[in-house]
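Student: Build me a structure from this.
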Amino acid sequence: MPTPALFDPDLLAQRRARAARIGGADFLQEAVADEIAERLQEVNRSFQAPAIVGPKAALWQARLCLPGATLADDSETLALAPAAHDLVVHALALHWANDPVGQLVQCRRALRPDGLLLAVLFGGETLTELRQALAAAEVATLGGLSPRVAPMGEIRDLGGLLQRAGFAMPVADSRRFDVSYAGAVELMRDLRAMGETNVLCERLRRPMRREMLARAAAAYAAAAGRPDGRVRATFEVIVLTGWAPAPDQPKPLRPGSATTRLEAALRDAGDPKSR
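Tutor: Have a look, this model is predicted:
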């Protein structure tokens, strides 16, 4: 029996189309893409056949300086040819996948032996302030809870996805981005412009009451207010790094024995002379 879908892909496409019409909220995509560009500079390798997966693939292509990259939507079946790429960047979209392991398996199959995957997605601390404020307001207003913010995976669980998908030398790490807003309403407006609003299949099908919105905004300001009168919004970005298996790759160390930083591991794994 198939596992019920967590997200509504048709609604996600509609929300992304609406976000494209609104525009003006790509700052987080740009900041994260710039972070990945710095990581790629640490890899001693020139990628000749890269691919970028995600709704903002063209933006990432420009920020990563990969003019010849293949661009693909993060649809259920990725439009990537088998063993065609030496780099695949899954760009800030995997958190919306109903089958994230399937997405990663397709990325591995699209890589040549010893090709690099960088899968970037939002992690469990993302929007934690909004999640708590909405929960408190909904309990006070409606007497119960409904799914309003998508669940995000924890870094330990997400790292395990790489192993399940068959990647060698898997690494998962996180980077936190703190963004300030005038209030919760402004944050929610920005999430709409980002295309990152609620598309859970089990979501409520009616608009939020004004009373609940006001309670949520007040709870948000009380819990995450800053001295300047603005509020904090947390975005945790998880980066999953893995290599398509190849015979001459370094063997992984036993658990707990690692002494090398991620940047050095990327650099050494990308340098054939270091093997």
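Student: switch to C-alpha atoms for all contacts and neighbour counts from now on
Tutor: Will do.
Student: and residue 247, how many neighbours does it have?
Tutor: 8 (other C-alpha atoms under 10 Å).
Student: Can you say which helix or strand has residue 191 in it?
Tutor: helix 184-194 (DSSP states H and E).
Student: need the next SSE after that helix, C-terminal direction.
Tutor: helix 210-224.
Student: Quick one: residues in contact with that next one.
Tutor: 129-130, 132-134, 136-138, 141, 183-185, 230-233 (C-alpha atoms under 8 Å, 6 or more residues apart in numbering).
Student: out of the residues you listed, which are inside helices?
Tutor: Counting by DSSP state H, the contacts of helix 210-224 place 129-130, 132-134, 136-138, 141, 184-185 in helices.
Student: farthest-separated two in those residues?
Tutor: 129 and 141 (18.3 Å; C-alpha to C-alpha).
Student: Which one of the two is surrounded by more residues?
Tutor: residue 129 (19 against 16).
Student: Quick check: that one touching residue 234?
Tutor: Yes: the pair residue 129 / residue 234 is scored as a contact, 7.3 Å apart, by C-alpha atoms under 8 Å.
Student: Okay, now the unreliable bits of the stretch 151-275 of the chain?
Tutor: 251-275 (pLDDT under 70).
Student: right, I mislabeled it, should have said the stretch 1-150 of the chain
Tutor: Looking at the stretch 1-150 of the chain by pLDDT under 70, you get 1-3, 144-148.
Student: What segments of this structure are helices?
Tutor: Under DSSP H, the chain gives helices at 9-22, 27-41, 57-63, 100-110, 128-142, 155-164, 184-194, 210-224, 262-269.
Student: that older thread, I'd like to know which of the ones in helices among the contacts of helix 210-224 are buried.
Tutor: 129-130, 132-134, 136-138, 141, 184 (16 or more other C-alpha atoms under 10 Å).
Student: mind putting those residues in TSV, distance to residue 27 included?
Tutor: TSV is the format used below for these (distance: C-alpha to C-alpha, whole Å):
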residue	distance to residue 27
129	20
130	19
132	24
133	24
134	24
136	29
137	29
138	30
141	34
184	18
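Student: list the buried ones in the helix holding residue 191?
Tutor: For helix 184-194, burial by neighbour count (16+ other C-alpha under 10 Å) applies to 184, 187, 190, 192-194.
Student: Over to stretch 58-66?
Tutor: 58-61, 63-64, 66.
Student: Report the contact partners of the nearest residue to residue 151 once chain neighbours are set aside.
Tutor: Excluding its sequence neighbours, the residue lying closest to residue 151 (C-alpha to C-alpha, 6 or more residues apart in numbering) is residue 124, at 7.2 Å. By C-alpha under 8 Å, 6+ apart, residue 124 lies in contact with 151-155, 236.
Student: Could you rerun that using 7 Å?
Tutor: When contacts are counted by C-alpha atoms under 7 Å, 6 or more residues apart in numbering, residue 124 touches 152-154, 236.
Student: From these, list just the buried residues.
Tutor: Applying 16+ other C-alpha under 10 Å to the contacts of residue 124 flags 152-153, 236 as buried.
Student: how much space between residue 185 and residue 63?
Tutor: 30 Å (C-alpha to C-alpha, to the nearest Å).
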